[in-house]
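Chemist: Give me a 3D structure for the following:
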Amino acid sequence: MSNNNSNQEFVPNIQLKEELGAFGYKIQVSPVEKGMAHILGNSIRRFLLSSLSGASIIKVNIDGVLHEYSTLEDVKEDVVEIVSNLKKVAIKLDKNVSKVELELSVTKSGVVVVTAGDFKTTQGIEIINKDQPIATLTNEREFSLTATVSVGRNVGILSALPTELEKVGDIAVDSDFNPIKRVAFEIFDNGTNETLEVFVKTNGTIEPLVAVTKALEYFCEQISVFVSLRVPSNGKTGDALLDSNIDPILLKPIDDLELTVRSSNCLRAENIKYLGDLVQYSESQLMKIPNLGKKSLNEIKQILIDNNLSLGVQIDNFRELVEGK
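Modeler: Residues are numbered from 1 along each chain as shown. Coordinates of the predicted model:
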């Protein structure tokens, strides 16, 4: 008896398995075709770590400090450590806010830790980890700074450009805009299929499930350019197709257009497979197709207009070039 398991198709389902601590989530995808779980897991991980944007401090100006290698009297940390602590502050900005300045000014006595919660915030700005240490005061003194927050993507290497360091004492921060703190995946072999578990942890400025959705939406946008790509059936006419200077939009299958079922069926019955086939018809020729009425004709014409095309175009040997006949 032959084994057809290798030809079996699996339709994965996604389950929200469990929350793991603050801002952590485990997602389970199953069943996944054997060998595909690693591809999916690695793709999800890479896009989560590279495609999401977020807010981060890009520069800071600390009262009494001229450069990042300075030290402050009655402050335990040097300026390099203070800047490193500021980089860890998780900040959430409203959608309509792309850049803002935050002020922090405290006067305290004794050994006191200045935290992110000491920042003065306004509407549309939220500090997530308010307990994040900034500096430790070892005696009574005033400690003031102004931090510039901006929205960006990926890790910024000294994100504040030299032109943005306007004031004496402005210090650039090597910002980390990505809200993802950790991504890991694990694969379980179920014999005929696999189960993929993905663990996602954020800094709290975005929910883990929202982060996954946004990253995969971006992934789909990037890969969608290949959806309409078609290879000639016998592989021998690829060069001829390239040399023909045919507009790639003409290679788009009719099935990929947003036509009604009636219009799509009428064209399919007439063996019209591509936009390149369709544009070669005139209005009168289309109206002769059984069951294709005026409403369907208007729909087809609108689709062509949306793709900057029109009816009645002559393309020599189009089908032969596409299908290699």
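Chemist: Contacts only, for the closest residue in space to Lys99 that isn't next to it in sequence.
Modeler: Leaving aside its chain neighbours, Lys99 sits nearest to Ser150 (4.7 Å; criterion: Cβ to Cβ, 6 or more residues apart in numbering). Just so you know, the C-beta spots here come from the backbone N, C-alpha and C atoms, and that holds for glycine as well. Neighbouring residues of Ser150 by Cβ atoms under 8 Å, 6 or more residues apart in numbering: Ala55, Ser56, Ile58, Ser98, Lys99, Ser159, Ser175.
Chemist: Kindly give a single PyMOL line that selects the buried subset of those.
Modeler: Paste this into PyMOL to select the buried members of the contacts of Ser150, with burial taken from 16 or more other Cβ atoms under 10 Å:
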select buried, resi 55+56+58+159+175
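Chemist: By mean pLDDT, which helix or strand of the protein comes out lowest?
Modeler: Averaged element by element with mean pLDDT, DSSP states H and E, the chain has its least confident helix or strand at helix 238-243 (a mean of 48).
Chemist: Against which helices or strands is the helix or strand that it is followed by packed?
Modeler: From helix 238-243 onward toward the C-terminus, using DSSP states H and E, the following helix or strand is helix 261-269. Applying 3 or more Cβ pairs under 8 Å, 6 or more residues apart in numbering; DSSP states H and E, we find helix 261-269 packed against helix 294-306.
Chemist: the inter-axis angle of the helix it packs on versus helix 261-269?
Modeler: Per axes from the mean of the first three to the mean of the last three Cα atoms, to 10 degrees, the angle that helix 294-306 makes with helix 261-269 is 80 degrees.
Chemist: can you tell me which of the contacts of Ser150 lies nearest to Glu270?
Modeler: The shortest distance between Glu270 and any of these, using Cβ to Cβ, involves Ser98 and amounts to 51.7 Å.
Chemist: From Ser53, how far off is that closest one?
Modeler: The span separating Ser98 from Ser53 equals 10 Å under the rule Cβ to Cβ, to the nearest Å.
Chemist: residues shared between the contacts of these two?
Modeler: In terms of Cβ under 8 Å, 6+ apart, Ser98 and Ser53 are both contacted by the residues Val151.
Chemist: one step back: give me the subset of the contacts of Ser150 that lies in strands.
Modeler: Restricting the contacts of Ser150 to those inside strands, with DSSP state E as the criterion, leaves Ala55, Ser56, Ile58, Lys99.
Chemist: so what pLDDT did the last one get?
Modeler: What it means is Lys99. Model confidence at Lys99, given as pLDDT, is 80.
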